[in-house]
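1. Okay, here's the prediction I keep looking at, along with the sequence it came from:
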Amino acid sequence: MKTFSIQPSIDEKRTMINCPICGGSDFSHHWDCGVFSYVKCNDCRLILQNPQPQFEDLDNRYDEEYFKYEQKNDQLFFELMLMGLSDIGFNPELNSTGEKKSFLDIGCATGLLVEFMQNNGWNSYGVELCAPAAKYGEEKRGISIYSGTVEKAAYKENSFDVIHCSHLIEHLNNPSTYMDEVRRILKPGGLFICTTPNSDGFQAGIFGAKWRSAIADHMFLFSKKTLSDLLHRKSFSIEEVKTWGGIGQGYAPDFIKKILDRSAKKFHFGDVMIISSRKE
């Protein structure tokens with residue numbers, strides 16, 4: 001079963017773009033998903049929707065229905081984020097001097113991770129495009145969430161020790177300008193943690209256009225290589241790359257699923273990846 005997604009409106013306008021990683025304009029057909037499709041950049045191999053809907057149309061998708069989905073699943077998503085952070089060895093504890101560090105979660109949904117980091121002594125903030133989710137997080141959890149994009153939040157340069165985003169970068173119109181802003185507001189030597197579907201994983205390979213992450217809301221589908229290439233081009237050094245998720249529940253007997261799930265972590269062919277990198 002595919003991940004939840006808001007289907008495109010018939011009124012949405014679409015525009016051709018160049019590849020945001022290499023700037024290329026040569027694409028080949030990759031997957032036909034019905035009302036939308038994916039192409040692959042023939043230069044760097046990034047998978048993307050092209051032409052793409054405008055930001056204003058994408059913004060309209062993150063409405064009350066999307067908020068209800070996030071609210072219903074926030075505890076599950078939070079637990080998955082903690083497991084991913086554990087996989088890369090990220091420790092939320094304060095540093096040895098006792099100085100408070102700053103943490104920003106971009107695409108924070110209802111803010112459970114922001115609250116968790118705040119409770120662990122961090123100066124913790126969130127950014128969330130879905131306005132009902134941002135409002136809910138602020139009112140329920142007593143945390144600071146900017147409702148909008150990180151670019152419009154206009155944080156000061158070199159503001160954060162750690163910037164985190166989980167299942168966010170694949171939704172963006174332009175991950176290149178997004179990474180420019182992440183770099184601008186991250187402190188020198190700061191840590192950037194990014195979780196996103198893995199397009200060269202086992203499940204993407206066997207399901208193709210029916211892969212659960214090939215959905216209308218995902219403008220880009222990164223592989224370990226293409227996301228690493230983007231980070232290197234933005235002067236980030238890769239520290240850790242981990243994957244998880246060998247096969248979805250119900251697609252194989254339990255004993256085979258356990259084997260595939262263990263193997264996905266060990267041999268890096270999981271359905272989802274997390275990459276940690278440092279601002280150089």
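-> Happy to help now that I have it. Numbers count the residues shown, from 1 in each chain.
2. Output the contacting helices and strands for the helix or strand harbouring residue 126.
-> Using DSSP states H and E, residue 126 falls within strand 123-128. Where contact means 3 or more CB pairs under 8 Å, 6 or more residues apart in numbering; DSSP states H and E, strand 123-128 is packed against strand 102-106, helix 112-119, helix 131-141, strand 144-147. The way it works is simple: take the backbone N, C-alpha and C, and place the C-beta from them, glycine included.
3. Give me the residues contacting the second one.
-> Applying CB atoms under 8 Å, 6 or more residues apart in numbering, the set of residues contacting helix 112-119 from outside is 74-75, 77-78, 81-82, 92, 103, 105, 108, 124-126, 137, 141-145, 164, 166.
4. Recalculate using a threshold of 10 Å.
-> 74-75, 77-79, 81-82, 85, 92, 101-105, 108, 111, 122-128, 137-138, 140-145, 162, 164, 166 (CB atoms under 10 Å, 6 or more residues apart in numbering).
5. List the buried residues of it.
-> 112-118 (16 or more other CB atoms under 10 Å).
6. now, among these, which is nearest to residue 242?
-> Closest approach to residue 242 among these (CB to CB): residue 113, at 17.5 Å.
7. where does the residue nearest to residue 18 when sequence neighbours are not counted land on pLDDT?
-> Once flanking residues are discounted, residue 18 sits nearest to residue 25: 5.1 Å by CB to CB, 6 or more residues apart in numbering. At residue 25, the model reports a pLDDT of 98.
8. does residue 25 count as helix, strand or coil?
-> Of the three states, residue 25 takes coil under DSSP: H, G, I helix; E, B strand; the rest coil.
9. And the top helix by length along the chain, what's buried?
-> Selection of the longest helix in the chain by residue count, based on DSSP state H, yields helix 64-87. Neighbour-count burial for helix 64-87 flags 66-67, 69-71, 74, 77-78, 80-81, 84-85, 87 (criterion: 16+ other CB under 10 Å).
10. got the CA coordinates for it in CSV?
-> Only the C-alpha atoms of helix 64-87 are listed here, as CSV (Å, rounded to 0.1, in the frame of the first residue of the first chain):
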residue,chain,number,x,y,z
GLU,A,64,-6.8,19.8,7.3
GLU,A,65,-6.9,16.3,5.8
TYR,A,66,-3.1,16.2,5.8
PHE,A,67,-3.0,17.4,9.4
LYS,A,68,-5.4,14.6,10.5
TYR,A,69,-3.1,12.1,8.9
GLU,A,70,-0.1,13.6,10.7
GLN,A,71,-2.0,13.7,14.0
LYS,A,72,-3.2,10.1,13.7
ASN,A,73,0.4,8.8,13.1
ASP,A,74,2.5,11.3,15.1
GLN,A,75,3.6,8.8,17.8
LEU,A,76,4.6,6.1,15.2
PHE,A,77,6.5,8.6,13.1
PHE,A,78,8.2,9.9,16.3
GLU,A,79,9.3,6.4,17.3
LEU,A,80,10.7,5.8,13.8
MET,A,81,12.6,9.1,13.9
LEU,A,82,14.2,8.1,17.3
MET,A,83,15.2,4.7,15.9
GLY,A,84,16.8,6.4,12.9
LEU,A,85,18.7,8.9,15.1
SER,A,86,19.9,6.0,17.2
ASP,A,87,21.1,4.2,14.0
